[in-house]
Structures are given as structure tokens and as C-alpha cells.
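**Student:** pasting the sequence and the predicted coordinates here, then a few questions.
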Amino acid sequence: MSTATTISFIGAGNMASAIIGGMIANGFNAENIWVSAPDDQHLQAIRKRFGVSITTDNRYCAQQADIVVLAVKPQVMADVCRDIAPVAQNTRPLMVSIAAGLEAATLDNWLGGGLPLVRVMPNTPSLVGKGAAGLYANSQVSDDQKASVEAVFKSIGSAQWVAQENLLHAVTALSGSGPAYFFLMLEALEAAATKAGIEAGTARELAIQTMAGAAEMAAQSEHDPAQLKRNVMSPGGTTEQAIHTFEDGGLRELVEKAYQAAFSRSEVMAKELAGDD
């Protein structure tokens with residue numbers, strides 16, 4: 001992405017702050033970043049932290065940019081898009097939405113139509129630079145624009161493109177909701193270890209480091225998860241007994257059922273939001 005590219009953020013919440021922080025840490029010029037939000041006190045804090053330009057005027061913010069990131073809640077997105085639509089139609093920036101559920105066609109309609117638009121499904125570990133984002137581009141987005149958006153989201157973790165927009169529901173059920181799945185596992189492991197006599201703080205530290213270590217091994221290994229699992233298991237050993245217990249208890253089936261529940265809910269939410277005119 002060119003260092004001369006100007007990016008405006010409409011909305012100044014945690015995810016916007018995480019993206020801005022990642023961009024600056026990776027060499028993007030803070031002078032080329034604009035942020036708008038209704039709360040001037042919050043904006044002043046962001047300017048002090050990052051050195052970016054700020055305004056409470058969404059239209060003015062959008063007018064400055066080659067890329068406009070829509071970082072507001074889905075419930076207010078229609079009003080925000082309709083407000084900045086005249087500016088967007090005049091300047092024709094790349095629009096990027098990080099709002100869950102709102103489909104590209106719906107957003108484009110609110111913005112007046114015909115704009116290049118990328119939808120991004122980020123997740124909460126983006127706040128610590130370990131995000132996993134799914135990206136979808138409409139037909140108006142150029143290869144250079146795709147590369148620019150990818151660079152932004154790689155600054156806070158991993159960024160993966162999907163070919164069809166409906167696959168963002170699958171991304172939502174995987175990496176969007178996924179952190180909570182692992183937090184549930186941490187919670188359960190900590191409780192089991194505490195019940196066995198380990199002090200709660202010690203149990204938590206061991207569980208967190210074990211999960212972090214396993215994730216790093218999976219990221220660096222040439223083996224798939226099944227083989228990595230087998231590498232830990234000795235015949236007749238402790239790990240084998242635990243894995244058999246998980247398997248006999250239907251863990252795989254339960255994970256699939258939970259995943260499908262999240263997937264289906266994402267589809268329903270998209271329909272509900274699209275009808276919220």
C-alpha cells in the first residue's frame with residue numbers, strides 16, 4: 001500500500017483503534033489517517049495516542065480519503081452511509097465495512113450505488129495484533145485496492161479472501177465467533193485443574209500458555225492438526241485417555257453443531273439488517 005494513501009475511519013471504537021495502531025506500527029503515516037466520531041473527547045484521546053487527524057463531521061472525514069473504513073455498529077450504518085453518500089459518489093473512494101451481517105449490495109445501495117466495496121469480518125484478537133479476518137470484494141474493486149485492504153488487515157493479524165460473499169457467514173462462525181470457543185475451553189480446563197487441587201491463578205496461566213504454545217506449533221508445523229495430536233499421544237498414556245474421552249463424548253459432533261448454529265444465526269442477522277430501512 002502506498003504511503004501516500006489516505007484512509008478515513010468513520011467510527012472510533014476498539015476495532016478501529018486496533019486497525020489504526022497496527023497500521024502505524026507497520027510504518028503507515030499517521031498524517032494520512034483521519035477519524036470521525038460524535039464524541040470529541042474520545043477523538044482527542046485517539047489523536048493524542050496515534051497522532052491522527054480527527055473530526056466530528058463524517059462527510060468531511062470521508063472527503064479526505066482514498067479508502068473509507070465504515071467502523072460503526074450495524075444498527076446505525078444505514079444513517080451513516082446515507083449521510084456520506086453524496087461525498088462518496090463525488091470522490092469514489094474504496095469503501096470498507098467491518099460491520100457484521102450487512103451485505104455488500106445493501107451497503108452499496110445506502111451509499112448511492114456503483115462503488116468499490118470490501119466487506120471484512122475481523123475478530124477480537126485483532127485488538128492484540130493476532131486477528132483473523134475474512135475479506136470479500138465486490139466487482140468494482142481493483143487488484144491494487146484489494147492489495148491495499150489486505151495490507152491494512154495483515155497489520156493486525158491474518159487476512160484471507162473469500163470468493164463468494166455468503167462464505168463470510170462461514171468465516172463468522174469460524175474466526176469471528178471462534179475466540180469464544182477457545183475461551184470456553186480455557187474456562188473448562190481451569191475449572192477442572194482447580195478442582196484437582198491446582199491454585200486457580202496457576203491453572204489459568206498453565207492453560208493459557210498451553211493453548212498459545214499449541215497454536216504456535218500448529219502455525220509453524222508442516223503437519224496437520226491430526227498428526228500434531230498423534231505426536232502428543234503415547235499408546236496407553238494420559239493424553240490418549242483424554243482424547244478418547246473427548247471422542248466418546250461426541251466432541252466433534254458438538255463442535256459441528258455449534259458451528260452450524262453460529263453460521264445460521266449469521267445468515268438470519270444479515271436478512272434482518274438488510275430489511276432495516
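**Tutor:** Thanks, I have the structure now.
**Student:** can you map out the helices along the stretch 101-250 of the chain?
**Tutor:** Under the criterion DSSP state H, counting those that start in this stretch, the stretch 101-250 of the chain contains helices at 104-110, 143-154, 167-171, 178-195, 200-220, 225-232, 238-248.
**Student:** now tell me what touches the first one from outside.
**Tutor:** Going back to what we said before, that points to helix 104-110. Taking contacts as C-beta atoms under 8 Å, 6 or more residues apart in numbering, the residues outside helix 104-110 that touch it are 70, 77-78, 81-82, 85, 95, 97, 114-115, 117, 119, 136, 138, 165, 273-274. In short, each C-beta sits where N, CA and C put it, glycine included.
**Student:** export that helix as CSV, just CAs?
**Tutor:** Extracted C-alpha coordinates of helix 104-110, given in CSV (Å, rounded to 0.1, in the frame of the first residue of the first chain):
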residue,chain,number,x,y,z
ALA,A,104,-22.3,-5.5,0.1
ALA,A,105,-25.4,-4.8,-2.0
THR,A,106,-27.2,-3.3,1.0
LEU,A,107,-24.3,-1.1,1.9
ASP,A,108,-23.8,0.0,-1.8
ASN,A,109,-27.4,0.9,-2.1
TRP,A,110,-27.2,3.1,1.0
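**Student:** how far out from the middle of the chain is it?
**Tutor:** Computed by C-alpha atoms, centre = their mean, to the nearest Å, the separation of helix 104-110 from the middle of its chain amounts to 20 Å.
**Student:** circling back to that earlier point, any idea which of the helices of the stretch 101-250 of the chain is most buried?
**Tutor:** Mean neighbour count (mean count of other C-beta atoms under 10 Å) peaks for helix 167-171 among the helices of the stretch 101-250 of the chain, with a mean of 21.
**Student:** what helices and strands are in contact with that one?
**Tutor:** Counting contacts by 3 or more C-beta pairs under 8 Å, 6 or more residues apart in numbering; DSSP states H and E, helix 167-171 packs against strand 117-121, strand 131-137, helix 251-274.
**Student:** which parts of this protein belong to which domain?
**Tutor:** As given by automatic domain parsing, the domain ranges for the chain are 7-164, 178-267.
**Student:** save those domains as a markdown table, and put in distance to Ala170 too.
**Tutor:** Converted to a markdown table, the domains of the chain look like this (distance: least, C-beta to C-beta, whole Å):
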| stretch | distance to Ala170 |
| --- | --- |
| domain 7-164 | 8 |
| domain 178-267 | 6 |
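**Student:** any chance of those in TSV, plus mean pLDDT and distance to Val171?
**Tutor:** Output for the domains of the chain, formatted as TSV (pLDDT from 0 to 100; distance: least, C-beta to C-beta, whole Å):
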stretch	mean pLDDT	distance to Val171
domain 7-164	96	3
domain 178-267	97	9
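**Student:** so which of those is nearest Thr172?
**Tutor:** Set against Thr172 and scored by C-beta to C-beta, the domains of the chain come closest in domain 178-267, at 4.4 Å.
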